[in-house]
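In: I need the structure of the sequence given here:
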Amino acid sequence: MDKNRMDSFILLMYGAIIVFFAYKIFKSKKNRGLLQGEISEFKRKVSPIEIGLLVVLLATGAVNLYMGIKQNNFNNMAQSAVMIVLAIIFGLFSQNKLCIGENGILANSNFYDYKQLKKWGFDTSSSDLVMQVKTKNQLTNESVRVTRDDIQEINNLIRKYKLNK
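Out: Model (predicted):
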């Protein structure tokens, strides 16, 4: 594969990743409207890997932009713009919150009503809320990283709305 085709392929891949994360952000905003009653929001704990990826994308984008301008290379400038947009979209996606309403939970851009929630618990070593949900007659596991300080409040809200306790 020649260099121009490889550059085009890389741009296409970055574009697909941008579309994926933009879709997840849009889906989260749309599904938030399904929550009813009093809604509690909890920040997602951002992992060091996510921060590292964000830094690498921004740094690589900045270097490509500098080199593209210096060499008057349109491909480098285009790649840098796409990388920077990807970093911004990824940064916005990583800020998605866990939302708990009176009728369900919004986690990882998906809405689950309490009938779908079969089990839940917390992995205290990683601060993950782990839920077993039934969708389309299939049990799946969802995991959302939360802060240690929010674990008790999240558990109390789920117990309140799911179990009426």
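In: residues contacting the nearest residue to L58 once chain neighbours are set aside?
Out: Among residues not flanking L58 along the chain, A87 sits closest, at 4.8 Å (CB to CB, 6 or more residues apart in numbering). Yep, even glycine has a C-beta here, placed from its N, CA and C like the rest. A87 makes contact with 54, 57-58, 61, according to CB atoms under 8 Å, 6 or more residues apart in numbering.
In: which SS state does A87 fall under?
Out: Secondary structure, DSSP: H, G, I helix; E, B strand; the rest coil: A87 is helix.
In: quick one: it from N76, how far?
Out: Distance of A87 to N76, computed by CB to CB, to the nearest Å: 16 Å.
In: Work out for me the element R159 sits within.
Out: Assigned by DSSP states H and E, R159 belongs to helix 151-163.
In: And that helix, what's buried?
Out: Neighbour counts over helix 151-163 (16 or more other CB atoms under 10 Å) mark 151, 154, 157-158, 161-162 as buried.
In: looking just at contacts, which helices and strands does the longest helix along the chain meet?
Out: Of all the elements of type helix in the chain, the one with the most residues (DSSP state H) is helix 3-32. Packing partners of helix 3-32 (3 or more CB pairs under 8 Å, 6 or more residues apart in numbering; DSSP states H and E): helix 74-93, strand 104-107, strand 110-113.
In: Dump whatever helix or strand comes next after the last one to CSV, restricted to CA.
Out: Proceeding C-terminally, strand 110-113 gives way to strand 117-123 as the next helix or strand, assigned by DSSP H and E. The C-alpha trace of strand 117-123 is given here as CSV (Å, rounded to 0.1, in the frame of the first residue of the first chain):
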residue,chain,number,x,y,z
LEU,A,117,-31.8,-4.6,36.3
LYS,A,118,-31.4,-8.1,37.7
LYS,A,119,-28.3,-7.7,40.0
TRP,A,120,-25.9,-5.0,40.9
GLY,A,121,-22.8,-4.7,43.1
PHE,A,122,-19.5,-2.8,43.4
ASP,A,123,-16.0,-3.8,42.7
